[in-house]
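In: The following block contains a protein sequence and its predicted model.
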Amino acid sequence: MPNLPISGLPSASSLDGTELLPFVQGGVTTQATAQDILNANLPVTSSGITVSGDIVPTTPQGATLGSIDKPFSELYLQSGSISIESDTPGDPSALISNVSGNLEISVGGMSLIESGSSFTSPTGSFEKLSAGLTENYIWIGDSNNRNVETPVSSLPGYFPFNYGLFNQTGSSSPVSGSTHVSGSLIGGGVGTLSVPANGFTKGDAYQATFSGIINAENNKTLQITIKTDNVILADTGVISMPGITGDKRWRMDIDFSIREVGGAGTAEIATAGTIQFRTDSSGNVITEIFSDDNNTTFDTTINNTLVVEAEWGNGQSDLSSIYSKLFTLLKTY
């Protein structure tokens with residue numbers, strides 16, 4: 001059928017890729033199959049490509065959309081159309097949808113993983129995700145659905161993220177002057193007095209508050225020592241006591257600041273406090289101030305348990321005694 005226009009040729013049946021097509025290369029007429037053209041991976045330059053059917057790779061995970069150095073600038077998808085398939089065959093997909101402007105991930109849980117800071121939602125969904133408690137701001141959507149960095153301190157009802165570690169629920173055992181040995185001023189309670197190995201962070205701050213009953217013989221001595229296990233953090237020194245009878249009240253406040261973390265010789269903790277006694281002399285109150293800084297034997301790489309002990313000097317009787325009725329330990333920063 002020579003000299004026929006293309007429109008005069010019979011229509012082809014379903015193509016199988018073996019069909020021959022003519023090409024001119026360097027002035028020479030050549031041939032190639034339809035499949036050769038598809039396999040040539042020729043670049044397509046166009047102001048836009050419109051498709052009416054599916055685009056599917058020939059094999060599972062056999063194609064990539066965009067690349068690291070040539071990513072697409074924008075991607076628009078219908079809500080509920082993103083189905084993340086599991087690496088484990090048979091496991092359910094995670095479906096991503098837009099519900100009233102909010103991102104919803106259904107079926108699967110969500111895990112945001114970063115070295116030293118992770119978030120996991122095992123229930124498969126969550127409503128809000130804000131900064132962790134170690135941050136001083138959160139992100140809040142405004143009326144235009146934009147996220148705005150908002151300081152936590154500006155929120156209504158803001159309070160610092162302080163929390164209790166231990167609360168004494170009964171009185172401690174009295175430490176008597178006749179025993180001449182140290183005794184604990186901490187009674188039974190709920191919570192913990194221990195920080196596990198490597199549990200401290202530089203800048204951590206704690207506060208201990210004691211209150212209780214005291215009796216003391218005039219001009220006798222008392223010393224209170226604050227320790228973590230057997231490491232001394234601070235002590236009141238030897239206090240020459242006034243006469244105190246009739247079960248008078250006493251109070252002690254102690255602050256701790258972690259200045260450095262690490263092993264002994266590197267870690268550092270500063271401790272300071274006050275202790276007050278109400279005396280027999282017209283109900284006067286005597287205040288003693290103490291402080292110390294341990295950067296030699298304090299070690300944050302091991303477990304640390306708070307110990308607070310009282311010890312009366314020699315030559316005293318059971319008329320001298322001290323115990324606590326209240327004790328709380330807080331983390332204040």
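Out: Structure's in. What do you need?
In: any idea how far residue 77 is from residue 65?
Out: Distance of residue 77 to residue 65, computed by Cβ to Cβ, to the nearest Å: 12 Å. (Glycine included, C-beta is placed from N, CA and C.)
In: can you count the residues close to residue 91?
Out: By other Cβ atoms under 10 Å, the residues close to residue 91 number 11.
In: Could you say whether it sits in a helix, a strand or coil?
Out: Following DSSP: H, G, I helix; E, B strand; the rest coil, we place residue 91 in the coil state.
In: Please, which helix or strand holds residue 58?
Out: Following DSSP states H and E, one finds residue 58 outside all helices and strands.
In: Ok, the one 10 residues further on next?
Out: If you go by DSSP H and E, residue 68 is not part of any helix or strand.
In: Any idea how many residues pack against it?
Out: Per other Cβ under 10 Å, the neighbour tally for residue 68 reads 6.
In: That one and residue 87, how far apart?
Out: To residue 87, residue 68 is 21 Å away according to Cβ to Cβ.
In: repeat for residue 292
Out: 56 Å.
In: Compare the two (neighbour count), which wins?
Out: The residue with more neighbours, out of residue 292 and residue 87, is residue 292; 14 against 5, by other Cβ under 10 Å.
In: Roughly how far does residue 65 sit from residue 79?
Out: Distance, residue 65 to residue 79, using Cβ to Cβ: 19 Å.
In: biggest strand in the chain by residues?
Out: What stands out as the longest strand in the chain, according to DSSP state E, is strand 244-260.
In: State the mean pLDDT of that strand.
Out: Strand 244-260 shows a mean pLDDT of 95.
In: for that strand, packing partners?
Out: If you count contacts as 3 or more Cβ pairs under 8 Å, 6 or more residues apart in numbering; DSSP states H and E, strand 244-260 packs onto strand 205-216, strand 268-278.
In: Let me have those strands in JSON lines, extended by mean pLDDT and distance to residue 327.
Out: As requested, the helices and strands packed on strand 244-260 are exported to JSON lines (pLDDT from 0 to 100; distance: least, Cβ to Cβ, whole Å):
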{"stretch": "strand 205-216", "mean pLDDT": "96", "distance to residue 327": "5"}
{"stretch": "strand 268-278", "mean pLDDT": "96", "distance to residue 327": "13"}
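In: To residue 167, which of these lies closest?
Out: strand 205-216 (10.2 Å; Cβ to Cβ).
In: Name every strand pairing with the closest one and say which way it goes.
Out: Paired neighbours of strand 205-216 in the sheet (DSSP bridges): strand 244-260 (antiparallel), strand 321-331 (antiparallel).
In: right, so the ones you listed: which one is the most enclosed?
Out: Of those, the one with the most neighbours on average (mean count of other Cβ atoms under 10 Å) is strand 321-331, at a mean of 20.
In: Tell me which residues are up against that strand.
Out: Applying Cβ atoms under 8 Å, 6 or more residues apart in numbering, the contact partners of strand 321-331 are 162-168, 171-177, 185-187, 189, 191, 193, 204-216, 222, 250, 306, 310.
In: Mark which of the residues you listed are buried, thanks.
Out: Neighbour counting over the contacts of strand 321-331 (16 or more other Cβ atoms under 10 Å) leaves 165-166, 168, 172, 174-177, 185-187, 189, 193, 204, 206-208, 210-216, 222, 250, 306, 310 as the buried ones.
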